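A.B. asks: Give me a model of this one.
(chains A, B, C and D)
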Number of protein chains: 2
Amino acid sequence: MQPAWIYLKLKMIGESVPAPMPAVCDCTKMLDSETKAVELPEDHAEELRLWLRLLTCTTLIEGEVRGRLRQRFDVTLPRFDLMAQLDKAPDGMTLSDVSKRMMVSNGNVTGLVERLVESGHLDRRTSDTDRRVQVIRLTKLGRAEFRRMAAEHETWIADLFADLTPKDVRELMRLLAKTKASAQKSAGRRRA
Amino acid sequence: MQPAWIYLKLKMIGESVPAPMPAVCDCTKMLDSETKAVELPEDHAEELRLWLRLLTCTTLIEGEVRGRLRQRFDVTLPRFDLMAQLDKAPDGMTLSDVSKRMMVSNGNVTGLVERLVESGHLDRRTSDTDRRVQVIRLTKLGRAEFRRMAAEHETWIADLFADLTPKDVRELMRLLAKTKASAQKSAGRRRA
DNA sequence: GCCAATTATTTGAAGCCTAAAGAATTCGGC
DNA sequence: GCCGAATTCTTTAGGCTTCAAATAATTGGC
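C.D. replies: This is a model prediction of the structure:
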């Protein structure tokens, strides 16, 4: 079964090679009995390049933050991320909540929490009202350490984005919001 | 030692709480003998939000691509990435080259290559001119499989970015290029 | 109250990833 | 030629991550 977004091209046997397509193409699907369905070598190269650049930016910044967290505080990025989520939730969160927010698997959170409880940064207890649920919070130590790290972290981010003007930042925010919406829609289409 | 980008604020003992700062602030550093250096709760919140949104977009798309690669081709994203690098280099690449291009550690590449050689997708040989160097290439099988996957992969990306206009794409490319440059500069400052 | 479906979490296997240390090789000066 | 420095790659230890399957608790229908 062909996905809907694959464009088809009418191709007669013995037909000559088609001229290169323009970057943006609105060709419609065509089919008949003498037709061979051929996936166009249609130019989605721009989107591909965009994705690679997006990935490069993120990897670059993420690596930098990871390295600095390690150097300055001897903490990993996932641990920091988890603590950041909890810092915003004084009443604690369930593991599922954390998993959704961090966009990682449940099993991943289990291990992460385990290590942070072990080191005294997290407190974990079974919910009174639903014994399936584990509620986790930052301990006093955990909160103090996170606040200390977060303050410096914010300056790193500011520095990493230092060459962007406020207008650039606004514009990026807007376009990335649009990107996120588009990707979510596409992801939804797949699962549907 | 305070990093250069941390703004300082003059604070006299017993001074009243300052008014909240505007989002963009050009306050200069001030110091004297009666001064206590205080890190401003200066608003880098915009940059922080931008970073989180960038990360969200990437994670979202990456997860989607990972899942589809797995479902359709039973291949992991790192394997696909590595093959993509090699597809662009018919004469092969060294492990270091791959490592730099993929922005992952050397040791990581070693293992990745090992598994892909094992599965018959990669060919690996020691360089004639420098016996430290390992040159890897796609095998016939590897190239064929990659091309098959890449064609479909491109349609996924196109679909994920489908709601962006060509102008959006161009603008994002421009802003991300600027972001990348800014981050690289900042990373360089740290190592210097 | 009982049972099926759902939800929350854990476990296990495999793979990804990094930092740091180590081995082999080459290169640059002398 | 020789030695120290730099490079290329591998190894190791530990942690992160996913997926799939298993376990445990709750909920809703009857």
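
A.B. asks: next one: phi and psi at the residue in chain A positioned nearest to DNA strand C?
C.D. replies: Using CB to the nearest atom of the strand, the closest approach of chain A to DNA strand C is made by A:Gly107 at 2.6 Å. No exception for glycine: its C-beta is placed from N, CA and C like everyone else's. Backbone torsions of A:Gly107, given as degrees, to the nearest 10, read phi -60, psi -30.

A.B. asks: Can you get me a residue count around it?
C.D. replies: Residues lying near A:Gly107 (other CB atoms under 10 Å in any protein chain shown) number 10.

A.B. asks: did I read that right, A:Asp123 in a helix?
C.D. replies: No: counting by DSSP: H, G, I helix; E, B strand; the rest coil, A:Asp123 is not part of a helix but strand.

A.B. asks: Just the pLDDT for it.
C.D. replies: Note on A:Asp123: pLDDT of 96.

A.B. asks: Dihedrals phi and psi, A:Thr86?
C.D. replies: Actually, residue A:86 is Leu rather than Thr. A:Leu86 adopts backbone torsions of phi -70, psi -30, taken as degrees, to the nearest 10.

A.B. asks: Could you list the buried residues of the longest helix along chain A?
C.D. replies: Longest helix in chain A by number of residues, with DSSP state H as the criterion: helix A:45-73. Of the residues in helix A:45-73, A:46-48, A:50-51, A:53-58, A:60-62, A:64-65, A:68-69, A:73 count as buried by neighbour count, 16 or more other CB atoms under 10 Å in any protein chain shown.

A.B. asks: again with stretch A:145-160
C.D. replies: By 16+ other CB under 10 Å, the buried positions in stretch A:145-160 come out as A:145-146, A:149, A:153-160.

A.B. asks: do that stretch and DNA strand C meet?
C.D. replies: No: interface with DNA strand C: stretch A:145-160 contributes nothing (CB under 7 Å from any atom of the strand), its closest point being 14.6 Å away.

A.B. asks: mind checking pLDDT for the residue of chain A closest to DNA strand C?
C.D. replies: 96.

A.B. asks: gap between it and A:Glu114?
C.D. replies: From A:Gly107 over to A:Glu114 the distance is 11 Å, taken as CB to CB, to the nearest Å.

A.B. asks: Over to A:Glu154?
C.D. replies: Going from A:Glu154 to A:Glu114 by CB to CB gives 28 Å.

A.B. asks: what's the answer for A:Ala151, then?
C.D. replies: For A:Ala151, the distance to A:Glu114 - CB to CB - is 27 Å.

A.B. asks: same thing with A:Arg70?
C.D. replies: 20 Å.

A.B. asks: With A:Arg148 instead?
C.D. replies: According to CB to CB, A:Arg148 and A:Glu114 sit 23 Å apart.

A.B. asks: Next, the contact list for the residue nearest to A:Leu116 when sequence neighbours are not counted, please.
C.D. replies: Once flanking residues are discounted, A:Leu116 sits nearest to A:Leu122: 4.2 Å by CB to CB, 6 or more residues apart in numbering or on different chains. Contacts for A:Leu122 (CB atoms under 8 Å, 6 or more residues apart in numbering or on different chains) come out as A:86, A:113, A:116, A:136-139, A:142.

A.B. asks: Sort out for me which of the residues you listed are in strands.
C.D. replies: Those of the contacts of A:Leu122 mapping onto strands are A:136-138, per DSSP state E.

A.B. asks: Would you mind listing which of these are buried?
C.D. replies: Listed as buried from these are A:136-138; burial here means 16+ other CB under 10 Å.

A.B. asks: Please enumerate the strands of chain A.
C.D. replies: So, for chain A - with DSSP E - the strands run A:8-9, A:38-39, A:93-94, A:122-126, A:134-138.

A.B. asks: Would you format those strands as JSON lines with distance to DNA strand D included?
C.D. replies: Listed next are the strands of chain A as JSON lines, based on distance: least, CB to the nearest atom of the strand, whole Å:
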{"stretch": "strand A:8-9", "distance to DNA strand D": "30"}
{"stretch": "strand A:38-39", "distance to DNA strand D": "26"}
{"stretch": "strand A:93-94", "distance to DNA strand D": "12"}
{"stretch": "strand A:122-126", "distance to DNA strand D": "8"}
{"stretch": "strand A:134-138", "distance to DNA strand D": "11"}
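
A.B. asks: Which of these has the highest mean neighbour count?
C.D. replies: When these are scored by mean count of other CB atoms under 10 Å in any protein chain shown, the highest mean neighbour count falls to strand A:134-138 (a mean of 20).

A.B. asks: which residues touch that strand?
C.D. replies: Strand A:134-138 is contacted from outside by A:83, A:86-87, A:89-95, A:98, A:113, A:117, A:121-127, A:146, using CB under 8 Å, 6+ apart.

A.B. asks: for stretch A:51-64, same thing?
C.D. replies: Around stretch A:51-64, the neighbours that count as contacts under CB under 8 Å, 6+ apart are A:77, A:156-157, A:160, A:179, B:51, B:54-55, B:57-58, B:61-62, B:103, B:157, B:160-161, B:172-173, B:176-177, B:179-180, B:183-184, B:186-187, B:190.

A.B. asks: List the residues that contact A:Ala183.
C.D. replies: By CB under 8 Å, 6+ apart, the residues touching A:Ala183 are B:57, B:60-61, B:64, B:160-161.

A.B. asks: okay, those in CSV with pLDDT and distance to DNA strand D next?
C.D. replies: Converted to CSV, the contacts of A:Ala183 look like this (pLDDT from 0 to 100; distance: CB to the nearest atom of the strand, whole Å):
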residue, pLDDT, distance to DNA strand D
B:Cys57, 97, 15
B:Leu60, 96, 11
B:Ile61, 97, 13
B:Glu64, 96, 10
B:Leu160, 96, 16
B:Phe161, 97, 21
